[in-house]
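S.K.: structure, please.
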Amino acid sequence: VLDYVDNCPDLANEDQSDSDNDGLGDACDPCPYDPDNDADNDGLCADEDLCPNDPDNDPDGDEICSWIDNCPAVKNPDQADDDGDGIGNACDQTGDTLEVCPSGCTYDSIQAAIDAAADGDTIRVHDGTYHEYGGTFGNTWAGINFKGKAIAVRSINGPDFTAITPQSSTFESYWRASVATFESGEQRTSVLEGFTLTRGFGGKEGVGAGIKIRGASPTIRNCVIENNTAFFYGGGVYCTNGASPTIVGCTVRNNKADIDAYIDTRPWSFDQQLDYRLNNPNGSGGGLACLQDSAPKLSNCLIVNNWAEENGSGIYLHQSLPEIINCTVADNRHPWSFWENLPESTHQYLFDNGGHGLYATSLSSVRIINSIFWGNQPNQITTADYSSVNASYSNVQDGDPILQGRPYAGTGNIDADPLFSANGDYLLTDASPCIDTGHSSPLMPKNDRNGIPRPLDGNSDGQALHDMGAYEYNDCGVSGDSDGD
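M.R.: Numbering: from 1, shown residues only. Predicted coordinates for the structure are as follows:
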């Protein structure tokens, strides 16, 4: 076998067997059954790694990966959490409770309560819209900033009743801050739960308009992140510098990564505008952008109707290792109307950019389980620059482009209309092929986006299995517990 086609040019392997289809022959592949070849660099191949995208694996030995373990350093296989704060009883520290409300409480500002709180405290936020200013930190302006504190900031009645926006009177409108910022080493015990985060612009950097996470790993739960605009990266959420947030049960919708939001503030000619577009990032990651060794963990999330001018209207990845479990990524799109105002010579440049459900580049490796990618325009998933997708038990429209449209090679993948509800809520209808076709194990979510228990026997075949997507099909009137109490 000649070297230029030999999948092990330095080692004889006449049969050219390649069990994981990663381009390396089994004879010279360090992980012959793992197409990502030890994606988390912990020395264990995926077929023998309990937590293939988690380098910490299971430090406390309770057979629960650290990223979903509510006490990653204390053995607690039952995951008991009596107060529903996301921190297991075995390691929960009970501090003071600070009350925030528009009037009549000790604090009328969430940031004022954060500034007064100590590690272990809980901040309870009453209904209302809070216009917040968390200060200036280098090039970052914050709506709220956790400032490294291990505290829980929770609304009482959820995102339908409680919203946070950056205070706009302090800045020119186009420099308005990120709504929430984590950049002081926050860990999973820094919890933001139950808010709508809206009208952010990402501050002077133009990144992370909704939530900006730099070198931190907070927990974001049951939030709606909507109608935010970043000039460059991460209209909804931006992760960088090794950030590993845990994002659970969140809706990320109607956000933009849109350089026009910046250009529109400049008194430039059309030629100057075009030159700026072609020589700067044109906006990537409308819903979520992760760069520089970030490893976010998303579960039960709905990422829909976001758009980006360049790549990844739903999710953009650059040198990152995310895990996406039981999520629905749908109807994210490229802003086609933008093309009409550009010279024809630029059309091919824009067409070549893609991945408007998910775009992964620069050695990114993404693991997708029990998820749905559907209706993203013009395509679902694009990889570039030695990036890879390891999908299983997922429904991806048009399949794997590398396999010429056949379903992704992993176990249980399909390419079939998920038959969402006509109400636009992305619930599954009774004939959906996504019902009871997911993977069930103790590592999978125990509830869905609405708090409905997983798994249910949705197709009545006597065996309850997880459904694909953010919602478990429920025709039996099973009630949920979306606030975890």
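S.K.: could I get the average pLDDT for stretch 98-116?
M.R.: Across stretch 98-116, the average pLDDT comes to 96.
S.K.: then stretch 61-73?
M.R.: The model assigns stretch 61-73 a mean pLDDT of 78.
S.K.: next one: stretch 45-57
M.R.: For stretch 45-57, the mean per-residue pLDDT is 72.
S.K.: just stretch 440-453 next, same as before
M.R.: Stretch 440-453 comes out at a mean pLDDT of 91.
S.K.: what's the offset of it from the middle of its chain?
M.R.: 17 Å (Cα atoms, centre = their mean, to the nearest Å).
S.K.: that one: which residues count as buried?
M.R.: 440, 443, 444, 445, 447, 448, 449, 450, 451, 452, 453 (16 or more other Cβ atoms under 10 Å). In this view, the C-beta of every residue, glycine as well, is placed from N, C-alpha and C.
S.K.: now do stretch 328-337
M.R.: Applying 16+ other Cβ under 10 Å to stretch 328-337 flags 328, 329, 330, 331, 332, 333, 334, 335 as buried.
S.K.: please name the residues that touch the second one.
M.R.: The one in question is residue 329. Residue 329 makes contact with 287, 303, 304, 314, 315, 357, 358, 371, 372, 373, 374, 376, according to Cβ atoms under 8 Å, 6 or more residues apart in numbering.
S.K.: likewise the third one?
M.R.: By Cβ under 8 Å, 6+ apart, residue 330 lies in contact with 303, 304, 357, 372, 373, 374, 375, 376, 420, 426.
S.K.: how about the first one?
M.R.: Residue 328 is in contact with 301, 302, 303, 304, 371, 372, 374, 426, 469, 470, 471, counting by Cβ under 8 Å, 6+ apart.
S.K.: how close does the fifth one get to residue 396?
M.R.: So the one you mean is residue 371. Here residue 371 is placed at a distance of 8 Å from residue 396 (Cβ to Cβ, to the nearest Å).
S.K.: what about these two, which has more around it?
M.R.: More neighbours surround residue 371 than the other of residue 371 and residue 396, with 29 against 25 (other Cβ atoms under 10 Å).
S.K.: I figured the more buried one hits residue 467, correct?
M.R.: No - assessed by Cβ atoms under 8 Å, residue 371 is found out of contact with residue 467, at 10.7 Å.
S.K.: show me where the stretch 301-450 of the chain has helices.
M.R.: Shown for the stretch 301-450 of the chain, the helices assigned by DSSP state H, counting those that start in this stretch span residues 347-352.
S.K.: so which residues of it form strands?
M.R.: Here the stretch 301-450 of the chain has its strands, by DSSP state E, counting those that start in this stretch, at 302-304, 307-308, 315-318, 323-325, 328-330, 358-361, 365-369, 372-374, 381-383, 388-392, 395-396.
S.K.: model confidence for the spatially most central residue of the chain, exactly?
M.R.: Centroid-nearest residue in the chain, with Cα atoms, centre = their mean: residue 298, separated by 4.8 Å. pLDDT recorded at residue 298 is 97.
S.K.: low-confidence stretches in the stretch 251-400 of the chain?
M.R.: Applying pLDDT under 70 to the stretch 251-400 of the chain flags residues 261-262, 264-265, 277-278, 280-281, 336-355.
S.K.: one more time with 50, if that's ok
M.R.: 337-339, 351 (pLDDT under 50).
S.K.: hmm, back to that, would a markdown table of the contacts of residue 328 with distance to residue 75 be doable?
M.R.: Listed next are the contacts of residue 328 as a markdown table, based on distance: Cβ to Cβ, whole Å:
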| residue | distance to residue 75 |
| --- | --- |
| 301 | 28 |
| 302 | 33 |
| 303 | 34 |
| 304 | 38 |
| 371 | 30 |
| 372 | 34 |
| 374 | 39 |
| 426 | 37 |
| 469 | 32 |
| 470 | 30 |
| 471 | 32 |
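S.K.: top of those by neighbour count?
M.R.: Neighbour-wise, the contacts of residue 328 (other Cβ under 10 Å) top out at residue 303, 34 neighbours.
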